[in-house]
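Asks: here is a sequence with its predicted model. Questions after.
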Amino acid sequence: MMKINLLQAVNNAIDIAMAANDKVLCFGEDVGGFGGVFRATTHLQEKYGNERCFNTPLVEQGIIGFANGLAAQGQIPVAEIQFADYIFPAFDQIVNEAAKFRYRSGNLFNVGGLTIRTPYGGGIAGGHYHSQSPEAYFAHTPGLVIVIPRNPYQAKGLLLASIRDPNPVIFFEPKRIYRASVGEVPKGDYELPLSACEVLREGSDISLLAWGAQMEYLEKAADLAEKEGISCEIIDLRTILPWDRATIVNSVKKTGRLLISHEAPLTGGFAAEIAASIQEQCFLSLEAPIARVTGLDTPYPLAFEKAYIPDQFKIFEAIKHSVNY
Amino acid sequence: MSALQHTVHTLEFIRGNELAIPTCRILKQDGTVYPGAALPDLDRQKALRIYDAMVRTRALDERMLAAQRQGRVSFYMQSTGEEASTVGFAAALNDADMIMAQYREQGALMYRGFSIDEFMNQLFANDLDYGMGRQMPVHYGSAKLHFMTISSPLATQIPQATGYAYGQKISKSGLCTVTVFGEGAASEGDFHAALNMASVLKVPVIFFCRNNGYAISTPSSEQFAADGIAPRALGYGMHTIRIDGNDILAVYGATLQARRIAVEKNQPVLIESMSYRLAAHSSSDDPSGYRSKKEEEKWRSKDPLQRMKKWLLLQGWWSEDQDKKCFEVVRKKMLTAMKVAEQRPAPTLDKLISDVYDLPPPLLQEQLRQLQAHIAQYPQTYPQNTKATDAGKNNTVGIRS
C-alpha cells in the first residue's frame, strides 16, 4: 500500500495501464513533456516516449475525433480534456460518433478502447468555465459509460477498469479533491467494477446517494444526522451510465427514504432520472418524497460559490425534512 | 520553421487571392492524352478493374434512384459524374489501406469488391445488412474491405482518419488512411482540426476532397471566398494538389504519389478533386430550384465514364460492343439482386438493443422485455418477420451534403 492523493492515483493508473499494454496511449493539451496542467500525466512521456504520450494542438473536437480513429484502429487511447467545461467542442465526436460507433456498424467497428479523462466540478474559485459538472448531458446518450471516483483508491481501480472496458468511457475526475483526498492505495494493478454502486455505510432511516466530490459532503451530513439519532445509509453511485439501479432499490426498500445530491444544476440533473426510476420501483416503500440537494439552475457563480455548493448543511437539513415528513 | 525567422521592415500584406493553385488534367474528353502529361503507370488489368467499378457504380445509382421513385427503398444518394474521383483514388491504394468516406463514395467500395448483394442488403435494411438495419440507406461499411461504416454527421470522419492513420504509423503497418469529404464539409471545424493535427503529429493520411460544386443547394461560391480547398493545406504545412476529378488518370496518378508521400515520409497530403454533382444531392432533393439545365448539360458533356471509355478504346483494351454488353449484364444483375434483397425479412427485434454496448445492460434488457410484452398485446400494430422495406417506405427526409 502507499499513501497518495487522487491525482497521483490517476497518474499511477495510467502508468500501470501503459506498462501493461503498448497500445495504451495518452495525449491532450499540455499532457506531454509538461505532464498536464494538474500533473496527472507527469513523467509518462519520459517513461513511454513521445509516440505514446504527447501534446496535441488546442482543439477538443480534434482530440476526441483523433482518439475515436485511434480506438477504431485498435489502439487504447486515454485522451485528456483539460477541463470538463471545455468538452463541448467535442460533444459531436462523443455523442454522435463514439457512442454510436458500434451500434451503427453492427459491431464491424467500435471505439471501445477509448477513455476520456476530464477534471470536473467546483470549489476551486473557477467561475463559470472551470467548475461545471456536465455528466447529465452525456448520461442522455446510450453507448457511453460515465464514471466518477470519490477518492484515490476508487480513482485508480475505476480508471484501470475504464481503460480496459470494451466501451467508450468518460472518466470525470473531481478536481476539488485532486490533492485534498489522500488515502491508502495498493501499489499493484487492480480494477473496481463499473456499473456497480458501493454502499459505504449501512443505515436504517434514509438512503443518501451521490458521486465524486459530493461524497465528502454526504458523509459529513450523515455524521451530523447520526448525532441527532438518524441512521443514514450512504451509497456512491460510481458509474452514472449504465447505472446500478438494483443496489439503490434494495437500499430504499429497507430505509423508505432517498436523498440524492449532485453539484450540477437541479433541472435535468441525473438525480431526476434516479428519482423517477426509484419511485417506479419503490412506490409503496417510500415514506417521504425523494429529496434532491443540488446546485441551483444558474451558471456556476464565482462570488456565490459557497452559497451555491450543495454542502453538508444543506444535505443535513434535507435529511431532517425527509425524516420528519 | 519559426514564424519569426524572417523579418522585414515594411508593412506588406499578402493578398488572399495571390496564390491560385492550378488544376492537373492528363486526359482529354476525347480520350487522348495531353502532350507531355504525367501519365501514371496503369496496366490493362487494373484499368479494366477501374472501369468495371465505374460502370457498376453508375448502374447501381440508376437502379436505386428508380427504386426510390417506385417507393421500394426509402432514400438514395447517387454519385453520378463523380465516379472517376471515387473509384480512381481507391484504385491507387493498397487494398488494406483504410478508407473513411462521407456518403457518396460507393465507387470506392465497389472497386474494393463489395458485392451487389451486400449493397442491396444495406439499402433494404434487411436481416443480412451488416449494420442490422439501423442506419438509412447508403451508410455502408465493411471491415474486411477496410471501409469504415458511413456516419451522417459531416466531417466527423476527418479527424478520425488522422487518428486511425496515427495508429497505422505507430504499429508500423506500412499502410495509410484516406478520408473523403465534400467541399461543403471542409467548412466544418473537424476538417481544420484534422489537418492541423495530422501535420503536427506527422501522420500518413490523405485528405481527398471531392469539390463537386454544391453542398445540397449551396454553390461553392457561397461556401468559401478563397481559391477552393487545396490552398488550406499550405496553411497547415502539408503537400497539396488540385486535379480534374473527371479525369481518371489524374485522380489515379495524384493518389498514387500522395500515398507514397504519406507512407514513406509520414506526411499528410490534401487532394482537391474538381468535379460536379450531376445528380441531385439525394432522392429528397430537386436541383431545378437552384441551378440551370444548361449548367448540368455542360458538365454532362464531361462525363468521366465516357472519357475513360474513349481512352480504353484508344488503348485497344476495350470495344463498344464489350461496353454495351457490360452495361446490360450489370443492369440485369442489379435488378435480380434487388428483388432478392427486398424480399428478405427485417432484422429480428433483439438487434434493437445489441451493440449499444458490448453487452446489453440490465435496464436495457428490461426495456426490451417491456417492448416485447407490448408487441405481443398488439401483434397487428407491430408486425414481425415482414419485409424489411415496409418500415421506411416513402420516407422523404433529406440529409445534408
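Replies: Alright, I've got the coordinates.

Asks: helices or strands up against the longest strand along chain A?
Replies: As assigned by DSSP state E, the longest strand anywhere in chain A is strand A:258-265. Contacts defined by 3 or more CB pairs under 8 Å, 6 or more residues apart in numbering or on different chains; DSSP states H and E place strand A:258-265 against helix A:135-139, strand A:206-210, helix A:214-227, helix A:245-255, helix A:270-282, strand A:291-295, helix A:312-323. C-beta here means a position set from N, CA and C on the backbone, and glycine is covered the same way.

Asks: run the last query once more with 7 Å
Replies: Packing partners of strand A:258-265 (3 or more CB pairs under 7 Å, 6 or more residues apart in numbering or on different chains; DSSP states H and E): strand A:206-210, helix A:214-227, helix A:270-282, strand A:291-295, helix A:312-323.

Asks: would you mark the buried spots in the fourth one?
Replies: Of all the residues in strand A:291-295, those buried under the rule 16 or more other CB atoms under 10 Å in any protein chain shown are A:A291, A:R292, A:V293, A:T294, A:G295.

Asks: related to what we said a few turns ago, kindly reformat the helices and strands packed on strand A:258-265 as CSV containing mean pLDDT and distance to chain B.
Replies: Shown next, in CSV, are these (pLDDT from 0 to 100; distance: least, CB to the nearest CB, whole Å):
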stretch, mean pLDDT, distance to chain B
strand A:206-210, 98, 16
helix A:214-227, 98, 23
helix A:270-282, 98, 8
strand A:291-295, 98, 20
helix A:312-323, 98, 26
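
Asks: run the chain-centre distance for the longest strand of chain A.
Replies: 13 Å (CA atoms, centre = their mean, to the nearest Å).

Asks: also stretch B:309-323?
Replies: Worked out by CA atoms, centre = their mean, stretch B:309-323 lies 26 Å from the chain centre.

Asks: hang on, B:A59 in a helix?
Replies: Yes. B:A59: assigned to a helix according to DSSP: H, G, I helix; E, B strand; the rest coil.

Asks: picking up where we left off before, please identify the most buried of the helices and strands packed on strand A:258-265.
Replies: strand A:206-210 (a mean of 29; mean count of other CB atoms under 10 Å in any protein chain shown).

Asks: give me the contact list for that strand.
Replies: Identification of contacts with strand A:206-210 by CB atoms under 7 Å, 6 or more residues apart in numbering or on different chains yields A:218, A:222, A:230, A:232-235, A:237, A:248, A:251-252, A:255, A:257-262, A:274, A:319, A:322-323.

Asks: give me the buried subset of those.
Replies: Buried, going by 16+ other CB under 10 Å: A:218, A:222, A:230, A:232-235, A:237, A:248, A:251-252, A:255, A:257-262, A:274, A:319, A:322-323, out of the contacts of strand A:206-210.

Asks: quick one on the thing from earlier: make TSV from the helices and strands packed on strand A:258-265 and add distance to B:V178 to it.
Replies: Below are the helices and strands packed on strand A:258-265 laid out as TSV (distance: least, CB to CB, whole Å):
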stretch	distance to B:V178
strand A:206-210	48
helix A:214-227	47
helix A:270-282	41
strand A:291-295	46
helix A:312-323	55
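
Asks: nearest to A:N96, of these?
Replies: helix A:270-282 (20.9 Å; CB to CB).

Asks: next, the angle strand A:206-210 makes with the closest one.
Replies: 140 degrees (axes from the mean of the first three to the mean of the last three CA atoms, to 10 degrees).

Asks: for helix A:270-282, packing partners?
Replies: Using 3+ CB pairs under 7 Å, 6+ apart: helix A:270-282 touches helix A:135-139, helix A:245-255, strand A:258-265, strand A:291-295.

Asks: got the contact list for residue 21?
Replies: Chain wasn't specified; assuming chain A. A:N21 neighbours (CB under 7 Å, 6+ apart): A:I76.

Asks: should've been chain B
Replies: B:I21 neighbours (CB under 7 Å, 6+ apart): B:D227, B:A230, B:P231, B:R242.

Asks: which helix or which strand is home to the residue nearest to the first one when sequence neighbours are not counted?
Replies: The spatially closest residue to B:D227, leaving aside those adjacent along the chain, is B:A20, at 5.3 Å (CB to CB, 6 or more residues apart in numbering or on different chains). No secondary structure element spans B:A20, as it lies outside all helices and strands (assigned by DSSP states H and E).

Asks: could you report the distance from B:A20 to chain A?
Replies: With distances taken as CB to the nearest CB, to the nearest Å, B:A20 is found 28 Å from chain A.

Asks: the helices and strands packed on strand A:258-265: which one's closest to B:S173?
Replies: Nearest of these (CB to CB): helix A:270-282, 41.4 Å.

Asks: so where's the stretch 101-250 of chain A uncertain?
Replies: Counting by pLDDT under 70, the stretch 101-250 of chain A has no low-confidence residues at all.
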